[in-house]
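Enquirer: got a predicted model here, sequence first, then my questions.
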Amino acid sequence: MPVNNRIADFHDEITEWRRTIHQHPGLLYDVEETAALVVDKLKEFGVDEIVENVGRTGVVAVIKGRKNDSGKVIGMRADMDALPIVEKRDLPHKSKYEGKMHACGHDGHTAMLLGAAKYLAETRNFDGTAVMIFQPAEEGGAGGKAMCDDGMMERFGVQEVYGLHNMPGMPVGEFAIRPGPLMAGTDEFTITIEGQGAHAAQPHNGNDPIMIATQMVQALQTVVSRNVDPLSSAVLTVTAIHAGKAYNVIPQEAQFYGTVRTLDREVRAMVLERIKTITQGIAEAYGAKVDVKLKEGYPVTSNHEAQTSFAAAVAKDVVGESRVNMDQLPVMGGEDFSYMLEERPGAFIFMGNGDTAGLHHEEYDFNDEAIPVGSSYWAKIAETAMPAG
């Protein structure tokens, strides 16, 4: 595999960083230990500038090339946060914090970008500025938005931005990407029905919110099947229903909630509007009250065409043309790198993690064999986008 030889030389060192991060996971913005390790390593590497607390707990490092005649500034982003999951595998580097684990590989993402930072600070074989972005709170906290809202793009002059995520089931040494929508926009809904409580033996004296809720859940399943164009994509999933506490009582209230995933803004708006229309209509038909709360989540992760072609070309330089899939099907999971792609042109790419447990699984672990591939990709992004000449 034609990875960068210098990066391959410190594969073991990057692996050690990755496993240390894995042992000390932090949730959302509480990534102080990981951020501190990142800062310590960046200081060792001798990068030109380190800025902490960007977007609350994010870290940004600046590495200038041997020349800066081009004026180009390229951003590269890794996420640092873990998940509230109990780790099941008894690994030597198992999480030290019960109920928290790196079940999505952000420990690997951070370590690989650190590896590239070490190499770029050492060689500086590029003409421009590399901005290394270490982001908190990807897993539901919109840390990418927080960093953008903190003025990161303007402050560091980022012109293009690139992201990466490991993909279990894809062989190590392979990449996959596509222009346009790659990952879904994610929204949430909470529906609360107020009926009329009663004795379970006298349902005619009440207005059963559980029955009304089940009618709504069934009706919402028609939104995708009957309102969304069959050639478009959408997912509407009810994930919980809560009502009542006794066998012999019809409760006063019922509540259910779930998620919507879409790849198109117009489809997204239509699905959310249909949720309101359907639930309000059913509540009115049964003489109940309903409260509909819609929470806007991450936007669609949509790759820019020119930057997608560039990222694919870089990946081909690292692993070979036959090992880069440029027609990756969209994934209905969400990703808050989408906020950065709304701020600047760029591309998000998937990298093979091999035959491992799936993302967000209690037995998942990042595959350390993938480290030289990812770090080489990052180094090549900088050197190719900003050639030394």
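Expert: That came in fine, so what should we check first? Residues are numbered from 1 along each chain as shown.

Enquirer: need the contact list for R274.
Expert: Residues near R274 by CB atoms under 8 Å, 6 or more residues apart in numbering: V223, N227. Every C-beta, even on glycine, is put in place using the N, C-alpha and C of the backbone.

Enquirer: 10 Å instead?
Expert: R274 makes contacts with A219, L220, T222, V223, V224, R226, N227, V228, L236, V260, as judged by CB atoms under 10 Å, 6 or more residues apart in numbering.

Enquirer: by contact count, what packs against the least confident helix or strand in the chain by mean pLDDT?
Expert: In the chain, the helix or strand scored least confidently by mean pLDDT, DSSP states H and E is helix 5-9, which has a mean of 93. Secondary-structure packing of helix 5-9 (3 or more CB pairs under 10 Å, 6 or more residues apart in numbering; DSSP states H and E): helix 106-123, helix 371-385.

Enquirer: pull the contacting residues for V60.
Expert: 42, 49-54, 75, 77, 131-135, 147, 150, 152, 155-156, 158 are the contacts of V60 under CB under 10 Å, 6+ apart.

Enquirer: show only the entries of these found in helices.
Expert: L42, M147, M152, R155 (DSSP state H).

Enquirer: strands of the stretch 201-350 of the chain, residue ranges please.
Expert: 234-243, 249-250, 253-262, 289-296, 301-303, 324-325, 346-352 (DSSP state E, counting those that start in this stretch).

Enquirer: what's the second one in contact with?
Expert: In other words, strand 249-250. With CB under 10 Å, 6+ apart, strand 249-250 has contacts from 195-203, 205-211, 243-244.

Enquirer: now those: which count as buried?
Expert: G195, G197, A198, G206, N207, D208, P209, I210, M211, A243, G244 (16 or more other CB atoms under 10 Å).

Enquirer: ok, and the closest non-adjacent residue to M147?
Expert: G55 (3.3 Å; CB to CB, 6 or more residues apart in numbering).

Enquirer: quick one: name whatever helix or strand follows the least confident helix or strand of the chain.
Expert: Of the helices and strands lying after helix 5-9 in sequence (DSSP states H and E), the nearest is helix 11-23.

Enquirer: who does that next one touch, helix- and strand-wise?
Expert: helix 32-45, helix 106-123, helix 371-385.

Enquirer: M326: which of those is closest?
Expert: helix 371-385 (15.0 Å; CB to CB).

Enquirer: that closest one: which residues count as buried?
Expert: Per 16+ other CB under 10 Å, helix 371-385 contains these buried residues: 371-383, 385.

Enquirer: and it with helix 106-123, angle?
Expert: 50 degrees (axes from the mean of the first three to the mean of the last three CA atoms, to 10 degrees).

Enquirer: pLDDT (mean, whole number) over helix 371-385?
Expert: Averaged over helix 371-385, pLDDT sits at 98.

Enquirer: ok so, going back, would you format the helices and strands packed on helix 11-23 as JSON lines with distance to L164 included?
Expert: As requested, the helices and strands packed on helix 11-23 are exported to JSON lines (distance: least, CB to CB, whole Å):
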{"stretch": "helix 32-45", "distance to L164": "16"}
{"stretch": "helix 106-123", "distance to L164": "7"}
{"stretch": "helix 371-385", "distance to L164": "6"}
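
Enquirer: ok, which of those helices comes nearest P179?
Expert: Across the helices and strands packed on helix 11-23, closest to P179 is helix 371-385 (CB to CB), at 17.0 Å.

Enquirer: report the contact partners of the residue nearest the centre of the chain.
Expert: With distances taken as CA atoms, centre = their mean, E335 lies nearest the centre of the chain, 3.0 Å away. When the contact criterion is CB under 10 Å, 6+ apart, the partners of E335 are 79, 138, 144, 163, 165, 182-186, 298-301, 341, 348.

Enquirer: how's the chain carved up into domains?
Expert: For the chain, the structural domains run 5-182+300-385, 185-296, going by automatic domain parsing.

Enquirer: packed most tightly, which of these would that be?
Expert: domain 5-182+300-385 (a mean of 20; mean count of other CB atoms under 10 Å).

Enquirer: from the middle of its chain, how far away would it be?
Expert: 11 Å (CA atoms, centre = their mean, to the nearest Å).

Enquirer: cool, and stretch 223-238?
Expert: So, by CA atoms, centre = their mean, the centroid of stretch 223-238 is 23 Å from its chain's centroid.

Enquirer: other residues contacting that stretch?
Expert: With CB under 10 Å, 6+ apart as the criterion, stretch 223-238 contacts 181, 184-187, 189, 191, 213, 216-218, 220-222, 256-264, 266-268, 270-275, 277-278, 329-330, 332.

Enquirer: hmm, try it at 6 Å
Expert: Residues from elsewhere that reach stretch 223-238, judged by CB atoms under 6 Å, 6 or more residues apart in numbering: 217, 220, 256, 258-263, 267, 271, 274, 332.

Enquirer: re the thing from before, now for the buried residues of helix 371-385: which two are most distant?
Expert: Among these, I371 and A385 lie farthest apart (CB to CB), at 21.7 Å.

Enquirer: residues touching Q135, list them.
Expert: G58, R77, D79, G143, G144, M147.

Enquirer: nearest to K67, of these?
Expert: Taking those together and measuring to K67 by CB to CB, the closest member is R77, at 24.2 Å.

Enquirer: pretty sure the closest one is touching F134, no?
Expert: No. R77 lies out of contact with F134 (CB atoms under 6 Å); the separation is 7.9 Å.

Enquirer: so V59 sits against F134, correct?
Expert: Yes. At 4.2 Å, V59 counts as touching F134 under the criterion of CB under 6 Å.

Enquirer: pull up the overlap in contacts between the two.
Expert: V38.

Enquirer: taking their axis directions, the lengthiest helix in the chain and strand 289-296 sit at what angle?
Expert: Ranked by residue count and defined by DSSP H, the top helix of the chain is helix 265-285. Per the same axes, to 10 degrees, the angle that helix 265-285 makes with strand 289-296 is 170 degrees.

Enquirer: which residue is the nearest non-sequential neighbour of D355?
Expert: G169 (7.1 Å).
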